[in-house]
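Participant: Pasting the sequence and the predicted coordinates here, then a few questions.
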Amino acid sequence: MTRAGTRLLIGAGVAALAALAGGPSILVASAAGLPQPTVIVTPAPTQLVYGEPLGLTGIVIPASGSNVGGETLAIANGSCSDVVTSESLIQAGGALYASASTTYPTGGAAWWPAGSDLSILACYPGDAVNAPAQSSAHAVTVAQATTTLGEPSSSTGGLSSVGQSVIFTATVSPEYGGTPTGDVEYSVDGKAAASEVLGSSGQTHWSTSSLAVGTHTITAMYQGDGNFEASAVSPGVTQTVTSPTPAPTPKPSATAAPTPTPTPAPTPTPRATPAPTAVVVPAAAAIPNRPSGLPPGTPLQPTELDTSAVPPIDLISLVSGIHMGSAPQIIVFLILLNVVVLGGIVVAMRRGRELTRRSLGTDG
């Protein structure tokens, strides 16, 4: 078999087997007086750790003149009534002995809890030619198994923003087998931060959203239980926490220039149209008196006409009255002005002709 400090017993002589037993075998007396074989169990470790497989080989050496084989050899704890496993004996060594090798636990059997004190022995049930027998008992103690804890994993890959939830997962691995129970303590930058219970898979999860901005080292440590020792502090995982990126300020979209509302032209306040100054076109003026001192029949010159009888046209009043008016008033003014001017010309021409006729008539 195969444990440090032990040997596999195959092909050894009867004397060597008895020496390896570590003392005389316990012989169980038979009421029928049948010969009693020698029973040995090996290896006989003095200590196991929780979950460590126990490999055993039981050997039965028959008495002279008989042989064994085919029977079931039981491995027991304390007494042959407390069987923990069994295996069929197989003849070996030229029928000089029979052996049975087994490993405990098998078939889903539970491990002995840490702290147990065992008394391991092999029990031979006997047959038609051999009496029952059992080996010497060997004291074995069960110690706690060690555990290891790997680097925790980060659900965000080691990078997160402040306030973001991050889940750290730690896995506890036992030395041999079994399922560790208890708590795992998480630390941030060397300071304890949380304690989480291990699940049936040997994993535990810690969720946090309170990491401050900066770079942090997250470690874990298993606290141990009755069968497993506490682990060392795990390697640390680095978690970098950044400030949230501010959302970009949306640029204002180009606003179409408002279509200017045309301002309605102010309705001109109607102004009182000044009453047009009546232009009195004088009727045909009376022929002015001849200047005194002229002899009768002397033709009169235009410059000698007495125009004092023609009333003057008050153009200043007319213009000042029209000045504040509108275009139609100006047009009216111009028309009146033309009428006055033309009328004056016509009157003057008529007067000139009349004076000429009179002058010619007088001279004749």
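Facilitator: Yep, that arrived.
Participant: switch to C-alpha atoms for all contacts and neighbour counts from now on
Facilitator: Fine.
Participant: could I get stretch 355-364 in PDB with only the CA atoms?
Facilitator: This file holds the C-alpha atoms of stretch 355-364, laid out as PDB (Å, rounded to 0.1, in the frame of the first residue of the first chain):
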ATOM      1  CA  LEU A 355     -55.600 149.600 -74.600                       C
ATOM      2  CA  THR A 356     -54.000 149.400 -78.000                       C
ATOM      3  CA  ARG A 357     -57.400 149.500 -79.700                       C
ATOM      4  CA  ARG A 358     -58.500 152.500 -77.600                       C
ATOM      5  CA  SER A 359     -55.300 154.300 -78.300                       C
ATOM      6  CA  LEU A 360     -55.600 153.700 -82.000                       C
ATOM      7  CA  GLY A 361     -59.300 154.700 -81.900                       C
ATOM      8  CA  THR A 362     -58.500 158.000 -80.200                       C
ATOM      9  CA  ASP A 363     -55.700 158.800 -82.500                       C
ATOM     10  CA  GLY A 364     -57.900 158.300 -85.400                       C
END
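Participant: pLDDT on it, on average?
Facilitator: For stretch 355-364, the mean pLDDT works out to 72.
Participant: pLDDT wise, what is Thr215 at?
Facilitator: At Thr215, the predicted lDDT confidence score is 97.
Participant: What residues are bridge-paired with the residue nearest to it when sequence neighbours are not counted?
Facilitator: Ranked by CA to CA, 6 or more residues apart in numbering and with sequence neighbours excluded, the top spatial neighbour of Thr215 is Thr240, at 4.3 Å. Beta-bridge partners for Thr240, by DSSP bridges, are Leu159, Thr215.
Participant: what's the answer for Ala220, then?
Facilitator: Beta bridges link Ala220 to Tyr186, judged by DSSP bridges.
Participant: Any regions of the stretch 51-200 of the chain where pLDDT drops low?
Facilitator: Per-residue confidence for the stretch 51-200 of the chain (pLDDT under 70) gives these ranges: 65, 93-95, 106-109.
Participant: circling back: please name the residues that touch the residue nearest to Thr215.
Facilitator: 158-160, 213-216 (CA atoms under 8 Å, 6 or more residues apart in numbering).
Participant: likewise Leu211?
Facilitator: Contact partners of Leu211, counting by CA under 8 Å, 6+ apart, are 162-163, 241.
Participant: Neighbour count and distance to Gly126 added to those, as CSV?
Facilitator: Below are those laid out as CSV (neighbours: other CA atoms under 10 Å; distance: CA to CA, whole Å):
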residue, neighbour count, distance to Gly126
Val162, 16, 75
Gly163, 16, 74
Val241, 19, 73
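Participant: now stretch 249-265: how far from the chain's centre is it?
Facilitator: 40 Å (CA atoms, centre = their mean, to the nearest Å).
Participant: ditto for stretch 170-189
Facilitator: 29 Å.
Participant: cool, and stretch 135-148?
Facilitator: 51 Å.
Participant: Not including adjacent chain positions, what is the nearest residue to Ser210?
Facilitator: Gly163 (6.1 Å).
Participant: The one you found and Thr242 touch, don't they?
Facilitator: No. If you go by CA atoms under 8 Å, Gly163 and Thr242 don't touch, sitting 9.5 Å apart.
Participant: Quick check: the residue nearest to Ser210 vs Thr85, distance?
Facilitator: Distance, Gly163 to Thr85, by CA to CA, to the nearest Å: 57 Å.
Participant: got it, and Thr72?
Facilitator: Counting by CA to CA, the gap from Thr72 to Thr85 is 10 Å.
Participant: What of Gly224?
Facilitator: Taking CA to CA as the measure, Gly224 falls 30 Å from Thr85.
Participant: And Glu175, by the same measure?
Facilitator: Taken as CA to CA, the span from Glu175 to Thr85 is 23 Å.
Participant: number of nearby residues for Leu118?
Facilitator: As a burial measure, Leu118 scores 19 neighbours (other CA atoms under 10 Å).
Participant: element containing Ile345, please.
Facilitator: Per DSSP states H and E, Ile345 falls inside helix 327-363.
Participant: Packing partners of that helix?
Facilitator: helix 315-323 (3 or more CA pairs under 8 Å, 6 or more residues apart in numbering; DSSP states H and E).
Participant: The helix it packs on - what's its average pLDDT?
Facilitator: Average pLDDT, helix 315-323: 55.
Participant: In contact with Glu151, which residues?
Facilitator: Contact analysis of Glu151 by CA under 8 Å, 6+ apart lists 170, 219-220, 234-237.
Participant: Got a ChimeraX select line for the buried ones in the residues you listed?
Facilitator: Burial among the contacts of Glu151 is assessed by 16 or more other CA atoms under 10 Å; the matching ChimeraX selection reads:
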select :170,219,220,234,236,237
